[in-house]
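generate coordinates for the sequence data below:
(3 chains)
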Amino acid sequence: MAAWSSEVGEGPLARRLLDIPVVLFRRDDGSVVALHDRCPHRFAPLHMGRFADGQVECAYHGLRFDSAGACVHNPAGETIPPQAKVRTFPVHERHHILWIWMGEAALADPDRIADLSCIPEDPGECANIGNHLHVRANYLLEIDNLMDLSHVNYLHRGTLGNDSMRGHKVNVHEENGAIHADLWMPGTIAPIYSALFGRPCDQWTNIVWMAPSAMRLDYGAVPPGAPAVQQPEDVAVHILTPETERTTHYFYGTCGVFGPEQRELAEMIRTAQTAAFVTEDNPMIEAVDERMEGAELWSLRPAILSSDVASVRVRREIEKMIRRENRSESAAEGNVESAVA
Amino acid sequence: MAAWSSEVGEGPLARRLLDIPVVLFRRDDGSVVALHDRCPHRFAPLHMGRFADGQVECAYHGLRFDSAGACVHNPAGETIPPQAKVRTFPVHERHHILWIWMGEAALADPDRIADLSCIPEDPGECANIGNHLHVRANYLLEIDNLMDLSHVNYLHRGTLGNDSMRGHKVNVHEENGAIHADLWMPGTIAPIYSALFGRPCDQWTNIVWMAPSAMRLDYGAVPPGAPAVQQPEDVAVHILTPETERTTHYFYGTCGVFGPEQRELAEMIRTAQTAAFVTEDNPMIEAVDERMEGAELWSLRPAILSSDVASVRVRREIEKMIRRENRSESAAEGNVESAVA
Amino acid sequence: MAAWSSEVGEGPLARRLLDIPVVLFRRDDGSVVALHDRCPHRFAPLHMGRFADGQVECAYHGLRFDSAGACVHNPAGETIPPQAKVRTFPVHERHHILWIWMGEAALADPDRIADLSCIPEDPGECANIGNHLHVRANYLLEIDNLMDLSHVNYLHRGTLGNDSMRGHKVNVHEENGAIHADLWMPGTIAPIYSALFGRPCDQWTNIVWMAPSAMRLDYGAVPPGAPAVQQPEDVAVHILTPETERTTHYFYGTCGVFGPEQRELAEMIRTAQTAAFVTEDNPMIEAVDERMEGAELWSLRPAILSSDVASVRVRREIEKMIRRENRSESAAEGNVESAVA
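Here you go, the predicted model:
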């Protein structure tokens, strides 16, 4: 994922993805273009340029490039040199998200985009999507965090978790390449809901990872014994894209439809999500990254627990994808972790 | 030295020592424990956890460790994996100081702790100990600074030193492994004392280094010809512990007993010490470290003067200790400069 | 170029040049001395010391050095050790500039100093020289910027450049080792002048590079057909000295004589020059340096245009000088890019 659709409007968006500077902008027909954010002439960032008619004019010496990265104007007048070409990245807009493929263009395949159809086509004027945070940690530490929700009862004790929610067995299974970790916690204190219902609840957190780094988290709480019906506004999405080896773009939101009359509810959910992340998860994940000092997880020989099963399976899956891509692109360069971001 | 005793009270103290993150805390019996500040599960800093009953519960996923570093609770329920073990460091509390051994635990030997018995058992309510500063320089540059007090008459000219104190011959000698540098300056202007006595004084600065990096500095000034009696409040201690290769913990204080009625005197001494360090020594030592750009001293071929004798002997002694320890621990890793810190 | 003459007055000037810390100061006869800014004893920065009688006394332990870098006083009293010697750099003061030679002293040759005789001997009380800015970019990117003035009509569009000035052919030629790039723009909108004259002008920008990194830029605008007479206050100088591999000292000014009655004009020119640099050139050049991530230009295979001819010739010339110097000094160390700075 490069960005939320809403992040690229009239103007361009400059963002580093997989350690490559990228500039995203819209053509007149609304479709989005992603270019290497570096002019091939003197290496000026293209996002500083002028954007019009689906073209960008470099701010430094005026070379113009079209949305295919071809130079269409050389202000020095003569023939356009063959090096005057900007790398483009395939972009596909789906579910209010701009998906980018940073690997070999020919291998881009929209069918491999994570299924986030849980985000409604029209999420309403007050939709709780479009959130973005910057994290100083490797993206895999974020995935580890989300795929082992046992941390909720320690790191978020008193806010999202509590003692009654501990010790329940997680059910990990795979379905069409997606890895699920389902947790069923009958008769436990549910944040907010137990206060609403005045008693313990049957609650659940079912999270599913979809390659390479999108997660959907279904949460719910009902009075004990009542049918466990999933409310759409309790479905959250968490998508992570490496900015660099040790920094990450974190995109998140929830899937309900929030019209003007749900403005307050939407704000409450957004605020709670953001607060948990900014004050609890983020400081911990960044502290872990610092303690690991850039080392690869396995080289530090972590003590693996049964609660790590899902996160370890996801890591193994990602490692497999990287190996597979490296093989198929072995002649190309810069292809590490270049899966659909 | 890891810390002053007073720095570890109810809560834990997190501190990087010899480039290893360490967390110190007290058991219920008051004894101090030092653990590697990194959970072996997912590498969270343990100091962010909960401390109770001589145990720490990791803030991330709730693993609990006892003061021997053994995992005593796995929240995921099953057997405790053998990797779930935290490294501990032997700590010995003596003379209001927490001494830590960062090398192989079996080699820890309290008999090798520097003799700082000059610090009184009960230094009084207003004692001038417990001071700590952070320096952006290699610790050996601090030792060089202290073991060549000829710098006092240049760097501290007008505050601690002056022209009359220059040119006196330092007497360097070794005693039981401690290296002494004694300076006798008869009939010279003594800071403060000459103003008190209204005339030049016989003054002295006798400094002794004790392995690996503790120094005791006896200072005194008396009317010419009077017996050179050492006042305990003119005995200072300076102890240095590497934080990283190029940053240092600097601990300092003086040895007199300061009761409530000496509050002002104690404050005056503390302020003068700190001011000299912060405004004169520290900027110079950090500038030297910057100029050396991380190079080892000898590789830069310094011009060595007779005033360098003591500091060079100390450096040679430390180099010998490191070689000796590397030999005895050659199978272990991470043992460079791991002498009693 | 180490500094403007005016930068070294009563006190010393400390400045990093070609990644070597240098301290400049004046002898009693006004001549300037450049020493390695590092005491050979314990590596204190000499600029922190006391300067008197053409000597410097180190602030740390009091060693004194004369303007030839020889130790003339050892406070420890005995013979002066042979290592107690500070490296000196030949300095030549000409055209209000302190030129320094950072290479092998024997090869210093004032005849190779760039001809900046355009700066008047007495530039007046309000002279627009003496300007200095710090840039976070390799110095060659600055030279590229100046030697391809086609950027004026894009990067400075609306201030120094405009559409009418585009597309004119630059005339590049060499004269006695200096590389000229002359641009003649007849009947075009000239900033300021067209407003003064109420019509398009014949205008020109003739820039000349002199080794290793001084440029003189002759600008002018006259009513169409009028003789193209060069006004001295429209002659600018731009001189660049590497501070480190990726930071640069940028010295600039203009050559007219500005007496007290030209104070406002001088200020206007200085402000316009500085504003263009600080708000337009500098952000772009630093962004380019960031995008290049320390890579050498050619390794990135830039698309070279006809407008690059002059800057490429200058780069080739500098590369030749560096190779030549490396050969002649092959036994010496630290000689990369050590041409007259």
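
from now on I want contacts and neighbour counts done on CA atoms only, so please keep to that.
Fine.

so what's A:Arg270 up against?
If a contact means C-alpha atoms under 8 Å, 6 or more residues apart in numbering or on different chains, then A:Arg270 has A:128, A:253 as its contacts.

let me see the mean pLDDT of the helix or strand hosting it.
Assigned by DSSP states H and E, A:Arg270 belongs to helix A:263-276. Across helix A:263-276, the average pLDDT comes to 94.

same check on stretch A:167-182?
Mean predicted confidence for stretch A:167-182 is 95.

interface residues of the stretch 51-200 of chain A facing chain C?
A:59-62, A:75-78, A:81-84 (C-alpha under 8 Å from any C-alpha of the partner chain).

nearest to chain B, of the residues you listed?
Chain B has its nearest neighbour among these in A:Tyr60, at 36.7 Å by C-alpha to the nearest C-alpha.

can you get me a residue count around that closest one?
A total of 28 residues lie near A:Tyr60 under the criterion other C-alpha atoms under 10 Å in any protein chain shown.

need the contact list for it.
Taking C-alpha under 8 Å, 6+ apart, one finds A:44, A:49, C:151, C:154-155, C:284 in contact with A:Tyr60.

among those, which lie within helices?
Here DSSP state H is the test, and these give C:154-155, C:284 as lying in helices.

so the nearest residue to A:Arg216 once chain neighbours are set aside, which of the three states?
Closest residue in space to A:Arg216, ignoring its immediate chain neighbours: A:Val237 at 4.6 Å, by C-alpha to C-alpha, 6 or more residues apart in numbering or on different chains. What DSSP: H, G, I helix; E, B strand; the rest coil gives for A:Val237 is strand.

related to what we said a few turns ago, which of the contacts of A:Tyr60 sits closest to chain B?
C:Met284 (30.3 Å).

need the contact list for that closest one.
By C-alpha under 8 Å, 6+ apart, the neighbours of C:Met284 are A:44, A:60.

from C:Ser306, how far out is it?
Distance of C:Met284 to C:Ser306, computed by C-alpha to C-alpha, to the nearest Å: 21 Å.

kindly report the same for A:Met102.
Distance from A:Met102 to C:Ser306, by C-alpha to C-alpha: 33 Å.

just to revisit the earlier point, pull the most distant pair out of the residues of the stretch 51-200 of chain A next to chain C.
A:Ala59 and A:Pro82 (20.4 Å; C-alpha to C-alpha).

out of those two, which sits in the more crowded spot?
For A:Ala59 versus A:Pro82, neighbours defined as other C-alpha under 10 Å are more numerous around A:Ala59 (23 against 10).

Provide the secondary structure category for that one.
For A:Ala59, the assignment made with three-state DSSP gives coil.

not counting sequence-adjacent ones, nearest residue to it?
A:Gly49 (4.2 Å).

near chain B, which residues of the stretch 101-250 of chain A show up?
With C-alpha under 8 Å from any C-alpha as the criterion, the stretch 101-250 of chain A comes near chain B at residues A:150-151, A:153-155, A:166-167.

in chain A, which ranges drop under the pLDDT threshold?
Within chain A, the ranges that satisfy pLDDT under 70 run A:329-341.

which residues touch the most far-flung residue of chain A relative to its centre?
Farthest-out residue of chain A from its mean C-alpha position, per C-alpha atoms, centre = their mean: A:Glu78, at 43.9 Å. Contacts for A:Glu78 (C-alpha under 8 Å, 6+ apart) come out as C:Ser306.

one more: A:His156?
Taking C-alpha under 8 Å, 6+ apart, one finds A:162, A:276, A:280 in contact with A:His156.
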